[in-house]
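Student: My questions concern the predicted model and sequence given below.
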Amino acid sequence: MDNWHDYWPFLVFAAALVVVLAQTLWAQRRVRRERQLARQEYTEALLQKQQVVIAEAQAQMETLFNSMSEGVLIVGPDGRVQLFNQSLRQLLQFEGDLRGQTILEALRSHELDNLVKRLLKERAVLSTDLELGGTKPRYAHINASAVIDKTGQQRGVMLVFHDQTRLRQLENTRKEFVANVSHELRTPLTLIKGYVETLLNGAKDDPSVAARFLMTIDKHADRLTFLIEDLLTISRLESGQVSINLQPTPLREVAARVVEDLAARAVERQITLVNQVPADLQASADGDRLQQVFFNLVDNAIKYGRPAGLVTVQAVRGSGKFIQVCVRDDGPGIPAEARDRVFERFYRVDKARSRDQGGTGLGLAIVKHIVQAHGGMVWVESELGHGASFFFTLPTANGKSDFADMASRHGRAPLS
Ligand code: ADP
């Protein structure tokens, strides 16, 4: 210990060395930690960025998936629904969630269930047509295919539903129309044939019977002619072949021509026909087509109105740029449930009465087409036992029709 003083520089040096070493180690550690933190932050930022990119891609996929007009349903390898889109929800008309359900639970169709089971085993593309349940029947054509991933593994089944409801409805309407036309044509033809056969079998020898039969044949031949004329008109109107030549048209004159043409028929039923259309009203209309509208409505008022009754034709300028016309009778009227339907093709309230009067069941359908082609609207108001009033609107000659105004006045006729 005597020469302790000899060692102290060494000790100081050693202590300084320790301090420097410690500082170096600490600094290294700090750098390492900082680097680690930077790396961690960078990784987190990268991860966040990737998450944003994934979320965006997912949102895009979802938007695309849900904006598809076809319904799509994806079934997992376990046979349970994994995913479906909005269009499928609309097509199947359901509220809840189908995920996790089997095809049988979700769609209640054994056919689709079998199809999916088959596609979970084999790689194929299959299709089928299906009537979907619900309050309103809907129809779909379904394409189904197995989902195979990049490694060739079976991942499930994808079903694409194409809505065929509208197409089916059109097809049904067409079939119904063809059936109706065939029926309408067959009835007078059968009657004509029957009377001709009876005449040939001897009835012709009795002049009074023969005359009666020939008059009946004539009546049914007329019916056939009217029917064919109306069918041609409606088919031209529906296919857009009829061009509407809009001209300033004095309504009173058109009504007067129709009243004159139908005067004899009115006399037959002792009906008084009155034209109350003001002389100054001019519509922007196709004169010939408009005459057909007036003719069909006044003809109906005579046919279905009260014998010895009153039929009036009236018109008034609306507050907008339209004219409202009304053909009114004081007959038995039209029951509430039939008021919208009378404008359908071949719809009749009383079939026998219509046929007996030579009706084709197409008159009001033609009226509706022509009025709509002018940008107008047509409707009927009636109280059972108190007559029927058929209204329609037309644009005035000096301006286009004001649809909003027409709609607001719809059904509230200012005519007395
Ligand atoms: P139809 O050729 O049978 O007269 P429409 O299409 O002109 O065909 O009319 C359809 C049905 O609407 C008629 O069969 C009749 O039952 C009913 N109808 C039409 N106008 C009147 C009216 N003024 N009064 C009562 N019923 C009417």
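Tutor: Here it is on my side, so go on. Numbers count the residues shown, from 1 in each chain.
Student: Domain map for this protein?
Tutor: 67-163, 167-242, 245-416 (automatic domain parsing).
Student: you'd agree Glu238 is up against His369?
Tutor: Yes. Under the criterion of CB atoms under 8 Å, Glu238 makes contact with His369 at 7.0 Å. In this view, the C-beta of every residue, glycine as well, is placed from N, C-alpha and C.
Student: Neighbour count: the two, which is higher?
Tutor: His369 (22 against 12; other CB atoms under 10 Å).
Student: so the more buried one sits in a strand?
Tutor: No. Applying DSSP: H, G, I helix; E, B strand; the rest coil, one finds His369 to be helix, outside a strand.
Student: what residue lies at the spatial centre of this protein?
Tutor: For the chain, Arg166 is the residue whose C-alpha lies nearest the centre (CA atoms, centre = their mean; 7.2 Å).
Student: Let me see the confidence value for that one.
Tutor: Arg166 is assigned 92 on the pLDDT scale.
Student: how much space between it and Arg138?
Tutor: Separation of Arg166 from Arg138 (CB to CB, to the nearest Å): 10 Å.
Student: Show the contacting residues for the closest residue to the ligand within the stretch 51-200 of the chain.
Tutor: Residue of the stretch 51-200 of the chain nearest the ligand, by CB to the nearest ligand atom: Glu184 (10.1 Å). By CB atoms under 8 Å, 6 or more residues apart in numbering, the contact set of Glu184 is 227, 346, 360-361.
Student: Quickly name whichever of these is closest to Ile334.
Tutor: The nearest member of those to Ile334, counting by CB to CB, is Gly361 at 14.3 Å.
Student: Within range of the ligand, give me the residues from the stretch 301-416 of the chain.
Tutor: Neighbours of the ligand within the stretch 301-416 of the chain, by CB under 6 Å from any ligand atom: 301, 304, 329, 331, 334, 342, 347-350, 354, 359-365, 388.
Student: Would you map the strands across the stretch 301-416 of the chain?
Tutor: All strands of the stretch 301-416 of the chain, identified by DSSP state E, counting those that start in this stretch, fall at 310-317, 322-329, 378-382, 388-395.
Student: quick one: strands adjacent to the first one?
Tutor: Using DSSP bridges, the neighbouring strands of strand 310-317 in the sheet come out as strand 272-275 (parallel), strand 322-329 (antiparallel).
Student: got the contact list for the first one?
Tutor: Counting by CB under 8 Å, 6+ apart, the neighbours of strand 272-275 from elsewhere in the structure are 252, 255-256, 259, 262-263, 266, 298, 302, 309-313.
Student: Out of those residues, which comes closest to Gln154?
Tutor: Closest approach to Gln154 among the contacts of strand 272-275 (CB to CB): Val298, at 71.8 Å.
Student: doesn't Val349 make contact with Ala338?
Tutor: Yes. Between Ala338 and Val349 there is a contact under CB under 8 Å: 4.9 Å.
Student: about what we covered before: make JSON lines from the contacts of strand 272-275 and add neighbour count to it.
Tutor: Formatted as JSON lines, the contacts of strand 272-275 follow (neighbours: other CB atoms under 10 Å):
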{"residue": "Arg252", "neighbour count": "17"}
{"residue": "Ala255", "neighbour count": "25"}
{"residue": "Ala256", "neighbour count": "16"}
{"residue": "Val259", "neighbour count": "19"}
{"residue": "Leu262", "neighbour count": "19"}
{"residue": "Ala263", "neighbour count": "13"}
{"residue": "Ala266", "neighbour count": "19"}
{"residue": "Val298", "neighbour count": "27"}
{"residue": "Ile302", "neighbour count": "23"}
{"residue": "Gly309", "neighbour count": "17"}
{"residue": "Leu310", "neighbour count": "16"}
{"residue": "Val311", "neighbour count": "27"}
{"residue": "Thr312", "neighbour count": "19"}
{"residue": "Val313", "neighbour count": "24"}
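Student: Mind putting those into TSV with distance to Asn398?
Tutor: Formatted as TSV, these follow (distance: CB to CB, whole Å):
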residue	distance to Asn398
Arg252	17
Ala255	20
Ala256	22
Val259	26
Leu262	30
Ala263	32
Ala266	33
Val298	26
Ile302	33
Gly309	36
Leu310	32
Val311	30
Thr312	26
Val313	22
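Student: Identify the farthest-apart pair in these.
Tutor: Of all pairs drawn from these, the greatest distance, 22.3 Å, lies between Arg252 and Gly309 (CB to CB).
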